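>>> Requesting a structural model of the entry that follows:
(one chain, ligands or ions: 1)
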Amino acid sequence: MKITFYGAAENVTGSKHLIEANGFRLLLDCGLYQGRRQEAEQMNRTLPFDATTIDAVILSHAHADHCGQLPLLVKNGFKGKIYSTPATAEIGKLIMMDSAKIQMEDAEYLNRHQVPGAQNAKPLYDENDVERCAQRFVAVDYCRKTNAWTKLTGGLRFKLYDAGHILGSSVIVVEANENGTIKTVAFTGDLGNVNVPLMRPPEPPAETVDALLMECTYGDRDHRPFSDAGGELAAVIKTAIAENGKIIVPAFSLGRTQEFIYALHKLHDQEKFPMPPIYVDSPLSVNILDVFNRHSADFNQETWQDFGVKGEKPFIFDDLVYVRTTQESKALNSKPGPFMIISASGMCEGGRIRHHLLNSVDDPKNIVLITGYQASNTLGRKIEDGVSPVNILGQSREVKAKVITLHEFSAHADRSGLMNYLSKIRSLNHLYLVHTEAPQDNIFKALVRSKYPALDVEIPSTGMSVEV
Ligand SMILES: [Zn+2]
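Numbers count the residues shown, from 1 in each chain. Sure, this is the predicted structure:
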C-alpha cells in the first residue's frame, strides 16, 4: 500500500492524501489551500494528479480545507463516489456552495475595484459544479451505529469513527488486502477536544493500525479547559459594553460558530450582566443550523443537560440575531456599539468578515476576538500577530482595535488530547504527522519520540510517498 501526501503536509490547510493499493486510487479529503492569496490561488487552481485516475474519495469532514476542492475534482473529470457521514454530506454541499458563491463575489469585487495583481479574477468553480459534485456523495454512517465495513473495489474496505471535531466529522480507517497481506491505515481528519460543547469525544479505531495519518495542529500546547472560557468571554463583552465598542469574531461558519453561540447562550442564561446584541452574519451558519437540528442525536450528553431538559434550542436565544441579507450586513457598518458580530471565514481570508474588519480594525474601542487557529500568512494570523497596517480587500488599515485570543473554543485536540488519542491506537508502526506546521510539528514529533522510541514518526512534505 502506498500513501502520497498531497496537501496539509507541513501546513494546516488543503488536506489531500492518496492511498494506492491493488491499482485502486483512493483519495482522502480534497480541501482548499488557504494562505498567501496568489500562492493559494495557484495551488487551488491545479490538482496535483489527474482527476480521472482517482477511483473514489472518502471525506473526513465538511470544513473547506478538507472538502473545498472536490467540485474542481469533479469538474476535471472525477467519476467515482465520494463517501462521508450523512451530516458531512449535507453540510459539505452547503460549504462548497458557499465557497463557490464567495469565489464568484470575490472575483467580481476584485475585477470591479481593479485590485492590483488580481485582474480577470475567475472563480475556481461555480454552483453547477457543486451540484454535480454533490450528486457523487454516498452517505455512510459511523461504525458505532452499524459496526459494518463499507466495501470498495480493489480489496479495500473502510469504516468511519467519531472524530469529535465538528458535526459529522470522522476518523477514517481503510483496510487493504494485497495478495493476502492485510494493511490498515487510519486518518484522523481533524480531531476534536474532550469536554467541549456538542461533540462526543474522539473515538479510537477498534482495529489494529499499521499507519496513522494524524493531525497535530496544536501539537505544542494545551488549551485551557473549556469550562474557563465563559469567564473570559464575559470579561471581553464587559470591556466592549464599557467602551461602546464592537466585538468582531472571525469564526468558521461550521463548528466554531455553533460552539461559540452555545457558550454565549449559557452566559445569557446566567443573566449576570446585560448582553449586547449578537449578530451572526453568515448566511451559511443559518443554513447549517437546520442540519444541526436534524442531526441532534449526534450531540453529546451535556448538550441535552444544558438545554434539552429546559426545552431550549442551543442556538436560539433573545439577544441573538441571524443576519440574512447583504443589506442587513451592511447596516451593521454604521450601527454604534456595543454589539458583537460573528462572521466567516474563520481565518479572515474570505466572506463578510473582511468587510467588518475593514470597517472596524482602526478604532481602538473595538475588539477582534480570535477563537480559532489562524494559519500562517492568513489575514487572521497577521492580526493575531500584531501586524499593522494590514491589507484588507486591497485597502490598507492600521490595526488599533484590541486583539484578544481565546483558544478554548478550538475545535482541535490539544497536545494532551492528541497524546491520549495516540495511546489508544493498537499495534502502530508508522505515524505521519499531517495538518500541522512549524514549530509545533517538530515539538510534537519530539514528544512522541520520547514516549514511543520504537515508533517510526515522520512529518511528510508535500508530494512525498511512503510504502506501508
Ligand atoms: Zn476541520
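
>>> quick one: buried residues of stretch 36-46?
37, 40, 43, 44 (16 or more other C-beta atoms under 10 Å). For every residue, glycine as well, the C-beta is placed using N, CA and C.

>>> Hmm, the last one is touching residue 71, no?
Looking back up the chat, that one is residue 44. No - with contact defined as C-beta atoms under 8 Å, residue 44 does not count as touching residue 71 (11.1 Å).

>>> Find residues that contact each of these two.
residue 124 (C-beta atoms under 8 Å, 6 or more residues apart in numbering).

>>> As TSV, the buried residues of stretch 36-46 with pLDDT would be great.
Shown next, in TSV, are these (pLDDT from 0 to 100):
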residue	pLDDT
37	73
40	83
43	86
44	90
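
>>> Now, the residues you listed that are in helices?
Residues of these located in helices (DSSP state H): 37, 40, 43, 44.

>>> Now render those residues as CSV, adding distance to residue 154.
Shown next, in CSV, are those (distance: C-beta to C-beta, whole Å):
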residue, distance to residue 154
37, 39
40, 33
43, 29
44, 29
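
>>> need the contact list for the residue nearest the centre of the chain.
Geometric centre of the chain, nearest residue: residue 63, 4.1 Å, by C-alpha atoms, centre = their mean. Listed by C-beta under 8 Å, 6+ apart, the contact set of residue 63 reads 31, 95, 166, 190, 252, 254, 255.

>>> Got the phi and psi for the closest residue to the fourth one other than its chain neighbours?
The shortest distance from residue 190 to any residue that is not its chain neighbour, by C-beta to C-beta, 6 or more residues apart in numbering, is 4.3 Å, and that residue is residue 165. With angles defined as degrees, to the nearest 10, residue 165 shows backbone torsions of phi -90, psi -60.

>>> likewise residue 461?
phi -90, psi 170.

>>> still on that earlier bit, now intersect the contacts of residue 63 with the strands, please.
Using DSSP state E, no member of the contacts of residue 63 falls in strands.

>>> which among those gets closest to residue 239?
Distance to residue 239, by C-beta to C-beta, is smallest for residue 252 among these, at 24.2 Å.

>>> what's near enough to touch the residue in the stretch 201-350 of the chain that the ion sits nearest to?
Using C-beta to the ion, the closest approach of the stretch 201-350 of the chain to the ion is made by residue 255 at 6.8 Å. Residue 255 makes contact with 63, 165, 166, 167, 411, according to C-beta under 8 Å, 6+ apart.

>>> Next one: it from residue 131, what distance?
24 Å (C-beta to C-beta, to the nearest Å).

>>> hang on, the earlier thing: save the buried residues of stretch 36-46 as CSV, and put in distance to the ion too.
Formatted as CSV, the buried residues of stretch 36-46 follow (distance: C-beta to the ion, whole Å):
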residue, distance to the ion
37, 21
40, 17
43, 18
44, 17
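
>>> Near the ion, which residues of the protein are found?
The chain has residues 63, 190 near the ion, with proximity defined as C-beta under 5 Å from the ion.

>>> if you count residues, which helix in the chain comes out on top?
Under DSSP H, the chain gives helix 86-112 as its longest helix.
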